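1. My questions concern the predicted model and sequence given below.
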Amino acid sequence: MAINRINQEELQRTIDFHGHWCPGLAIGIRAAEWALAEMEKSPDEEIVAVVETDMCGVDAIQYLTGCTFGKGNLIHLDYGKNAFSFYRRNDGRAMRLVLKPSIYGDSGALLRDLHKKMQSQGLTPEEEKTWKETRQTISRQIMDSDITEVFEFKDPAIPVPKKARILASVICEECREPVMETRTRRLDKGMLCIPCFEALDKR
């Protein structure tokens, strides 16, 4: 499947926006490239992205596609999966991109082992060098592969999300801070924000 690739300038701007280059960002860039080629950039809320992870790649999707949390057309489902669904409201086009584990190649197991050791006891200078080189190798593999080698393409599991709504705020009876009405909890003493409600539950 041939898709339009972002140019070097856009790639560098995406890296600058995220802060570093890594396999996770490469995954998000490839997903965003597909969305841009098949659905175009979202100037407002026309394109919706549903991401099933909070990993680095989500920054690429925000930066490149125009889907953002602030506009309500970037929705996070905390499933821990490298899976990204895109929807186009005007014609109902939708697709879910799921990362293929095989894209990591033989380097995947090495990277996992080094990452575990880094978190538990730290890496030697030589191991840290190998860790960095392995991340670079995997990032290049993700960027250089055909999109069909990077992702499986599936129908999304959920329908297109509704447009974001601007809702009224109320005052929490405990902390006196404004809170969106749909995020309140009701008690005999009135409406509470979630932190105040949870704090009462712990008393």
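-> Looks like it came in fine. Numbers count the residues shown, from 1 in each chain.

2. So Ile75: helix, strand or coil?
-> strand (DSSP: H, G, I helix; E, B strand; the rest coil).

3. what are the ranges of the helices in the chain?
-> With DSSP state H as the definition, the chain shows helices at residue ranges 8-18, 23-39, 57-65, 107-120, 125-144, 147-150, 194-202.

4. Any idea how many residues pack against Cys193?
-> Per other CB atoms under 10 Å, the neighbour tally for Cys193 reads 22. Backbone N, C-alpha and C define where each C-beta goes, glycine included.

5. try Ile15
-> What Ile15 shows, counting by other CB under 10 Å, is a neighbour count of 18.

6. about what we covered before: which of the helices of the chain comes out lowest on mean pLDDT?
-> Of all the helices of the chain, mean pLDDT reaches its minimum on helix 194-202 (a mean of 85).

7. Enumerate the positions of that one that are buried.
-> Within helix 194-202, the residues scored as buried using 16 or more other CB atoms under 10 Å are 196-197.

8. before we move on, the earlier item: format the helices of the chain as JSON lines; extra columns: distance to Leu77.
-> Formatted as JSON lines, the helices of the chain follow (distance: least, CB to CB, whole Å):
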{"stretch": "helix 8-18", "distance to Leu77": "21"}
{"stretch": "helix 23-39", "distance to Leu77": "15"}
{"stretch": "helix 57-65", "distance to Leu77": "11"}
{"stretch": "helix 107-120", "distance to Leu77": "24"}
{"stretch": "helix 125-144", "distance to Leu77": "22"}
{"stretch": "helix 147-150", "distance to Leu77": "20"}
{"stretch": "helix 194-202", "distance to Leu77": "19"}
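
9. Relative to Pro159, which of these is closest?
-> Ranking the helices of the chain by proximity to Pro159 (CB to CB) places helix 23-39 first, at 16.4 Å.

10. Just the CA coordinates for stretch 171-179, please, in CSV.
-> Below are the C-alpha coordinates for stretch 171-179, written out as CSV (Å, rounded to 0.1, in the frame of the first residue of the first chain):
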residue,chain,number,x,y,z
ILE,A,171,-19.2,24.9,42.0
CYS,A,172,-18.0,22.0,44.1
GLU,A,173,-19.5,22.2,47.5
GLU,A,174,-16.2,21.1,49.2
CYS,A,175,-13.4,23.0,47.5
ARG,A,176,-15.5,25.7,45.8
GLU,A,177,-13.8,25.2,42.5
PRO,A,178,-15.7,25.2,39.2
VAL,A,179,-16.1,21.7,37.7
